[in-house]
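[1] Build me a model:
(2 chains)
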Amino acid sequence: DGGITQSPKYLFRKEGQNVTLSCEQNLNHDAMYWYRQDPGQGLRLIYYSQIVNDFQKGDIAEGYSVSREKKESFPLTVTSAQKNPTAFYLCASTHRGLNTEAFFGQGTRLTVV
Amino acid sequence: AQRVTQPEKLLSVFKGAPVELKCNYSYSGSPELFWYVQYSRQRLQLLLRHISRESIKGFTADLNKGETSFHLKKPFAQEEDSAMYYCALKGISGNQFYFGTGTSLTVIP
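    Numbers count the residues shown, from 1 in each chain, chains lettered A, B, ... in the order given. You can find the predicted model right below:
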């Protein structure tokens, strides 16, 4: 079953702790993205990667970090520096080039307690 | 900078009425425009893209470069159209996807 998988679905974190969200795809897509979805603010781009071992900051990268060691995987770490980490996080992937749609995961809801 | 604007956060229409969800963009180049939809408890998925000039589930969207708009239209709304709709822009050079803030559509029976 091809697709993009995020885990876990729900995640709780204590203040001051780092936490890593998983995103895996078996679609052979080159590009992968992380978005944060907040009510009334839509999807805001955190980081994206067009190719293995390369990634770029999006609009709201502060307090987040990523890695892209494998084509299939693009984990997002929410660090203790992120001031307001409670949110819904979406991962997406796409082929590079024109006329390529993005496929999304089911999302991870992170709550800081 | 690329930006996508969806001016309406909430939109309610009666079943059978026409519906238009507005999207305006700013981009220094020739962008690709998309509409994505998120039904309740489902993942975000592509509805249509401007380059295909297609009609999906009765929805159409025309890219108007003069007005920098990509409004989504359907002549007769159905209850199953109730969902969150996002307009998205893909930059040619950077391969980034930028999304609007979304419009929540409710079709009243």
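
[2] For the residue positioned nearest the centre of chain A, list each beta-bridge partner.
    Compute the mean C-alpha point of chain A, and by Cα atoms, centre = their mean the closest residue is residue A:34, 2.9 Å away. Using DSSP bridges, the bridge partners assigned to residue A:34 are residue A:47, residue A:91.

[3] Could you list the residues of chain A in contact with chain B?
    Residues of chain A lying near chain B by Cβ under 8 Å from any Cβ of the partner chain: A:31, A:33, A:35, A:40-45, A:48, A:50, A:56, A:58, A:90, A:92, A:94, A:96, A:98-102, A:104-107. Using the backbone N, CA and C atoms, a C-beta is placed for each residue, glycine as well.

[4] Buried ones among those residues?
    Burial by neighbour count, 16 or more other Cβ atoms under 10 Å in any protein chain shown: within the residues of chain A next to chain B this picks out A:31, A:33, A:35, A:42-45, A:48, A:50, A:58, A:90, A:92, A:94, A:100-102, A:104-107.

[5] Just the ones of those residues in strands?
    A:31, A:33, A:35, A:42-45, A:48, A:50, A:90, A:92, A:94, A:104 (DSSP state E).

[6] helices and strands of chain B: which one bottoms out on pLDDT?
    strand B:97-99 (a mean of 86; mean pLDDT, DSSP states H and E).

[7] Report the buried residues of that strand.
    Under 16+ other Cβ under 10 Å, the buried positions of strand B:97-99 are B:97-99.

[8] Let me have these in TSV, extended by distance to chain A.
    Formatted as TSV, those follow (distance: Cβ to the nearest Cβ, whole Å):
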residue	distance to chain A
B:97	5
B:98	7
B:99	4
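
[9] Quick check: the gap between the residue nearest to the centre of chain A and residue B:105.
    Distance, residue A:34 to residue B:105, using Cβ to Cβ, to the nearest Å: 26 Å.

[10] Would you mind listing the residues in contact with residue A:36?
    Residues in contact with residue A:36, defined by Cβ atoms under 8 Å, 6 or more residues apart in numbering or on different chains, are A:43-44, A:46, A:60, A:87-90.

[11] what lines up beside the least confident helix or strand of chain B in the sheet?
    If you go by DSSP bridges, strand B:97-99 pairs up with strand B:83-90 (antiparallel).

[12] and the strand it pairs with, what's its mean pLDDT?
    Averaging pLDDT along strand B:83-90 yields 94.

[13] for the record, mean pLDDT for stretch A:36-45?
    87.

[14] Just list whatever residues bridge to residue A:73.
    Beta-bridge partners of residue A:73, as defined by DSSP bridges: residue A:24, residue A:70.

[15] can you pull the contacts of the spatially closest residue to residue A:100 that is not a sequence neighbour?
    Of all residues not flanking residue A:100 in the chain, residue A:94 sits nearest, at 4.9 Å (Cβ to Cβ, 6 or more residues apart in numbering or on different chains). Residues near residue A:94 by Cβ under 8 Å, 6+ apart: A:29-31, A:33, A:100-103, B:95, B:97.
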